[in-house]
Structures are given as structure tokens and as C-alpha cells.
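Enquirer: What follows is a predicted protein model with its sequence.
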Amino acid sequence: MIDPGYISGLSAILFFIGLAGAFTRKHAIIVLMCIEIMLNAVNLNFVAVAMQTGNPEGWVFTSIAIAIAASEVAVGLAIFLSLYSTRETINLDEVDLLKH
């Protein structure tokens, strides 16, 4: 069986990869994917804690987080489609529609 410490380390690495991608990329879809990587890293950490403590609460939190991530993707893609239909771009530098 894999040590939960290794899983937590992998989770931290994935989280920082997603964080770096979210801060450095300008394409909205790539930023959304980086946020998803960060959410999956948190889910992985929930599972590691659940394995270490023996409580099923980590699995429950992971299930809830997966449902939240699915709804976040649906709302994000709807916003991007709306922005693309009005501005014909989803580059985050050129999108200032939500400021007004």
C-alpha cells in the first residue's frame, strides 16, 4: 500500500503546478484546466487523509468537491461561450466585459 505521505507530496506538487499555470497563462480554457488540477490535488489530499486516519469523511468531502468542480466547469464554460459570442475572444487580457 502507498504511504499517505507520498500521496500528500504528490498533491502538493500538483497544486503548485496548477497554481503556477493559473497565474501565468492567458487563455481562459487553460486557466480553467489549471484550476481543475488544483481542485483534484485537494481531492487527492482528502483521500490521503482518509487513508491515514481511517475515517470515511475524506471520501465524502472528495465526492462533494467533485460535484462542485463539475458545476464550476459548467458555469465557467457557459461564461466563456457567452464572452466568445460577444467579443470573439477568450483571451483573458482582452476580456474586460465583466468590469462594467
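Expert: Happy to help now that I have it. Predicted model, so just to flag it, every value in this text is computed and none were measured.
Enquirer: can you map out the helices along this protein?
Expert: 4-24, 28-53, 57-87 (DSSP state H).
Enquirer: just so I know, which of the ones you listed lies nearest Asp93?
Expert: helix 28-53 (10.3 Å; C-beta to C-beta). To be clear about C-beta, it is placed using only N, CA and C from the backbone, and glycine gets the same treatment.
Enquirer: Name the residues of the closest one that are buried.
Expert: Within helix 28-53, the residues scored as buried using 16 or more other C-beta atoms under 10 Å are 28, 31-51.
Enquirer: Show me the shaky parts of this protein.
Expert: 97-100 (pLDDT under 70).
Enquirer: tell me, how many neighbours does Ser11 end up with?
Expert: 21 (other C-beta atoms under 10 Å).
Enquirer: any idea how far Ser85 is from it?
Expert: Distance, Ser11 to Ser85, by C-beta to C-beta, to the nearest Å: 37 Å.
Enquirer: Repeat that for Gly9.
Expert: According to C-beta to C-beta, Gly9 stands 43 Å off from Ser85.
Enquirer: With Ile7 instead?
Expert: Taken as C-beta to C-beta, the span from Ile7 to Ser85 is 42 Å.
Enquirer: Just want to know which of those two has more residues nearby.
Expert: Between Ile7 and Ser85, Ile7 has the larger neighbour count (other C-beta under 10 Å), namely 17 against 8.
Enquirer: what's near enough to touch Ile17?
Expert: 34, 37 (C-beta atoms under 8 Å, 6 or more residues apart in numbering).
Enquirer: again, only using 7 Å
Expert: Ile37 (C-beta atoms under 7 Å, 6 or more residues apart in numbering).
Enquirer: sorry, back to before: now the helices of the chain in CSV, with distance to Asp93?
Expert: Shown next, in CSV, are the helices of the chain (distance: least, C-beta to C-beta, whole Å):
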stretch, distance to Asp93
helix 4-24, 12
helix 28-53, 10
helix 57-87, 12
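Enquirer: what's the closest non-adjacent residue to the spatially most central residue of the chain?
Expert: In the chain, the centroid-proximal residue (C-alpha atoms, centre = their mean) is Glu36; its distance is 2.2 Å. Using C-beta to C-beta, 6 or more residues apart in numbering and skipping the chain neighbours, the partner closest in space to Glu36 is Ala69 (6.3 Å).
Enquirer: Alright, that wraps it up for me.
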